[in-house]
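Engineer: After the sequence you'll find the predicted model.
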Amino acid sequence: MNQKQAIKVENIVKHFGKDESLVRVIEDASFQVDKGELVALVAPSGAGKTTLLMMIGCVEEPTNGTVWLGDKKVYDNKWLTSEIRKIRREKIGFIFQAHYLIPFLNVIENVTLIPQTNGVPEKKANKKAMELLEYFGIAEKAYAMPSQLSGGQNQRVAIARALANDPQIILADEPTASLDIERSVSVVRLLKKIAQEQNVAIIMVTHDGRLLPYCNRVLKIEHRQVVM
Ligand SMILES: Nc1ncnc2c1ncn2[C@@H]1O[C@H](COP(=O)(O)OP(=O)(O)OP(=O)(O)O)[C@@H](O)[C@H]1O
Ligand SMILES: [Mg+2]
């Protein structure tokens, strides 16, 4: 086993529905992402980018294939561990396409929710959250409600939240979609820095070609395959 491997997907297949309503999204795709890499995932709308991230994140069940997270095989035609929820909570940070802050929790409560679910004491979780919010220039909004923030500010909170549990893998679905180019570049640079310094594997979906030079590699979905 390769020590550097963070994500390994082999012969993954994903279909939705059946018979006349069968949608073939991914057919027999294989790829690997190493620790420390920031990899862009690029494909047209509807090609299966979100579906692929959700399968890696143990949220959406593949139709077939094998998924490894680190040195653990988590899927082999079925989920292999009873701890899928724990793995999802502790190993993976999600940044969703729609940012999905919880509307009735304030900013800092949103950021500390998962660490606290994982048993991190409140004080420690708050300290880490404030550091992240400061990093993203939104510390003064720590006690604001999501509805009081702009789209871009909401997205920065969502990114801070994904980093709050020190995940080994970050799955980011268009994390910069609602940001201007300057902020987008600074977010991508930050993701690259996190990947390198904390040895985290990051897959980032983007439609913005200007961000690709900041990534280590680009994966594409073409003809239902994942290609480099
Ligand atoms: N729960 C579902 N049931 C049926 N079909 C689905 C479901 N989820 C996704 N699909 C289909 O799978 C295909 C891939 O969808 P997905 O959301 O992964 O695309 P995407 O590449 O993320 O697109 P976008 O860039 O617009 O976000 C689409 O054809 C979509 O309609
Ligand atoms: Mg999508």
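Structural biologist: Noted; the coordinates are in hand. Ligands and ions are numbered 1, 2, ... in the order given.
Engineer: partner residues bridging the closest residue to residue 195 other than its chain neighbours?
Structural biologist: The shortest distance from residue 195 to any non-neighbouring residue, by C-beta to C-beta, 6 or more residues apart in numbering, is to residue 38 (4.4 Å). Placement of C-beta: from N, CA and C, glycine included. On the basis of DSSP bridges, residue 38 is bridged to residue 202.
Engineer: can you pull the contacts of residue 38?
Structural biologist: 188, 191, 192, 195, 202, 204, 214, 215, 216 (C-beta atoms under 8 Å, 6 or more residues apart in numbering).
Engineer: Now tabulate those residues in a markdown table and tack on neighbour count.
Structural biologist: Converted to a markdown table, the contacts of residue 38 look like this (neighbours: other C-beta atoms under 10 Å):
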| residue | neighbour count |
| --- | --- |
| 188 | 26 |
| 191 | 25 |
| 192 | 18 |
| 195 | 24 |
| 202 | 28 |
| 204 | 26 |
| 214 | 18 |
| 215 | 22 |
| 216 | 15 |
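Engineer: Looking at those residues, which is nearest ligand 1?
Structural biologist: Nearest to ligand 1 among the contacts of residue 38 is residue 204, at 12.8 Å by C-beta to the nearest ligand atom.
Engineer: Test of understanding: give the bridge partners of the closest residue in space to the closest one that isn't next to it in sequence.
Structural biologist: With sequence-adjacent residues excluded and distances taken as C-beta to C-beta, 6+ apart, residue 204 is closest to residue 172, at 4.4 Å. Residue 172 has these beta-bridge partners by DSSP bridges: residue 95, residue 204.
Engineer: Cross-check the contact I'm expecting between residue 172 and residue 211.
Structural biologist: No - Residue 172 is beyond contact range of residue 211, at 11.2 Å (criterion: C-beta atoms under 8 Å).
Engineer: Any chance you could list residues touching both of those two?
Structural biologist: Taking C-beta under 8 Å, 6+ apart as the criterion, residue 172 and residue 211 both touch residue 204.
Engineer: Those two: which has the busier surroundings?
Structural biologist: Between residue 172 and residue 211, counting by other C-beta atoms under 10 Å, residue 172 is the more crowded of the two (26 against 21).
Engineer: quick one, what contacts that one?
Structural biologist: Residue 172 is in contact with 94, 95, 159, 162, 191, 202, 203, 204, 205, counting by C-beta under 8 Å, 6+ apart.
Engineer: Mind putting those into CSV with pLDDT and distance to ligand 1?
Structural biologist: Below are those laid out as CSV (pLDDT from 0 to 100; distance: C-beta to the nearest ligand atom, whole Å):
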residue, pLDDT, distance to ligand 1
94, 92, 14
95, 89, 13
159, 87, 18
162, 90, 18
191, 89, 19
202, 97, 17
203, 98, 12
204, 97, 13
205, 96, 7
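Engineer: Per-residue pLDDT of the most centrally placed residue in the chain, please?
Structural biologist: Against the mean C-alpha coordinate of the chain, by C-alpha atoms, centre = their mean, the closest residue is residue 171 at 1.4 Å. At residue 171, the pLDDT value in this model is 96.
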